[in-house]
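K.L.:
this one's sequence-less:
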């Protein structure tokens, strides 16, 4: 058979067949990865408010706000793609990132659809005139029913971790928040938190430093949380002056109802000011 022993020719044919199967499997895997990527692009994001200048949405938990080293689909890219498709825009779509939420945090976020809105919202943020409120579930009990936390924070970029340090540290930035205890269940506290500054991981670090790390926080509460628990921090309210109109914009969104949020079933009504939490 062309001077090649039959057994050798059979082995070569089988090797080629195996190679073709491996290539086909690889191509199928690549196609599946592309398909998953497409699904991420078309991931449904709830739009809470939209006009010519603003886009306010619900940020899903565990989705990065912008592109990072993970390569995962990010909210900014998803929204730009959505605007491009919905409004049949050609070329690049402008969408300004005004503020951020940590990857595991969900809730209300505002984006600027025009450069004018981006500039004016950024100015409001610098002047602390964007009211940002959160609900959080913390381990343990805060020392007072309501109060203010002030710390000086330093971020170590290599570890992507923030530390509370002495005020004398030249690299430190002041962090301020107000909190109020809304309820207690099973050794945990439900808190309302209002930020006055916007430091990385601020709420997580300040509450952990106060002795009450957030439920599910693997970074700042590793000793009291287990792997797989979802961080219980939710941006439930944004309030700010519209960048081009003489009116206020206020958007509120309650957290999901699963554990630990479900321990306080009246939380939804409290977010909209319809009921107090006992």
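P.N.:
Received, thanks. Predicted model, so just to flag it, every value in this text is computed and none were measured.
K.L.:
give me phi/psi at residue 127?
P.N.:
Here is the backbone geometry of residue 127 (degrees, to the nearest 10): phi -90, psi 10.
K.L.:
give me the number of residues near it?
P.N.:
The number of residues packed around residue 127, counting by other Cβ atoms under 10 Å, is 8. Backbone N, C-alpha and C define where each C-beta goes, glycine included.
K.L.:
likewise residue 46?
P.N.:
Using other Cβ under 10 Å, residue 46 has 10 neighbouring residues.
K.L.:
touching, it and residue 57? I think so.
P.N.:
Yes. In this structure, residue 46 is within contact of residue 57 by Cβ atoms under 8 Å, at 6.4 Å.
K.L.:
against residue 264, how distant is residue 115?
P.N.:
Between residue 115 and residue 264 the distance is 41 Å, computed by Cβ to Cβ, to the nearest Å.
K.L.:
neighbour count for those two, which is higher?
P.N.:
Remark: of residue 115 and residue 264, residue 264 carries more neighbours, 20 against 11, as counted by other Cβ under 10 Å.
K.L.:
how close does that one get to residue 185?
P.N.:
Residue 264 is 7 Å from residue 185, by Cβ to Cβ.
K.L.:
quick one: average confidence on stretch 90-104?
P.N.:
On average, the pLDDT along stretch 90-104 is 95.
K.L.:
quick one: end-to-end length of it, please.
P.N.:
33 Å (Cα to Cα, to the nearest Å).
K.L.:
go on, stretch 185-202?
P.N.:
Terminal-residue distance, stretch 185-202 (Cα to Cα): 24 Å.
K.L.:
again with stretch 257-266
P.N.:
So stretch 257-266: terminal residues 10 Å apart, Cα to Cα.
K.L.:
surely residue 149 and residue 206 touch.
P.N.:
Yes. Residue 149 is within contact range of residue 206, at 4.7 Å (criterion: Cβ under 8 Å).
K.L.:
more crowded one of those two?
P.N.:
Neighbours were counted for residue 149 and for residue 206 using other Cβ under 10 Å; residue 206 has more, 24 against 20.
K.L.:
ramachandran angles for that one?
P.N.:
As for residue 206, its main-chain torsions (degrees, to the nearest 10) stand at phi -70, psi -40.
K.L.:
residue contacts, it?
P.N.:
When contacts are counted by Cβ atoms under 8 Å, 6 or more residues apart in numbering, residue 206 touches 149, 151, 153, 164, 175, 177.
K.L.:
among the residues you listed, which two are most distant?
P.N.:
For the contacts of residue 206, the farthest-apart pair by Cβ to Cβ is 164 and 177; their separation is 12.6 Å.
K.L.:
okay, the two: which has more neighbours?
P.N.:
Between residue 164 and residue 177, counted using other Cβ under 10 Å, the more crowded position is residue 177 (22 against 17).
K.L.:
just the mean pLDDT for the helix or strand harbouring the more buried one, thanks.
P.N.:
Applying DSSP states H and E as the criterion places residue 177 in strand 173-185. Strand 173-185 shows a mean pLDDT of 96.
K.L.:
tell me the helix or strand right after that strand.
P.N.:
Moving toward the C-terminus from strand 173-185, the next helix or strand (DSSP H and E) is strand 188-195.
K.L.:
pull the distance from that next one to the chain's centre.
P.N.:
17 Å (Cα atoms, centre = their mean, to the nearest Å).
K.L.:
flag every buried residue along that strand.
P.N.:
Buried residues in strand 188-195, counted by 16 or more other Cβ atoms under 10 Å: 188, 189, 190, 191, 192, 193, 195.
K.L.:
and the third one, what are its bridge partners?
P.N.:
According to DSSP bridges, the residues that bridge with residue 190 are residue 137, residue 183.
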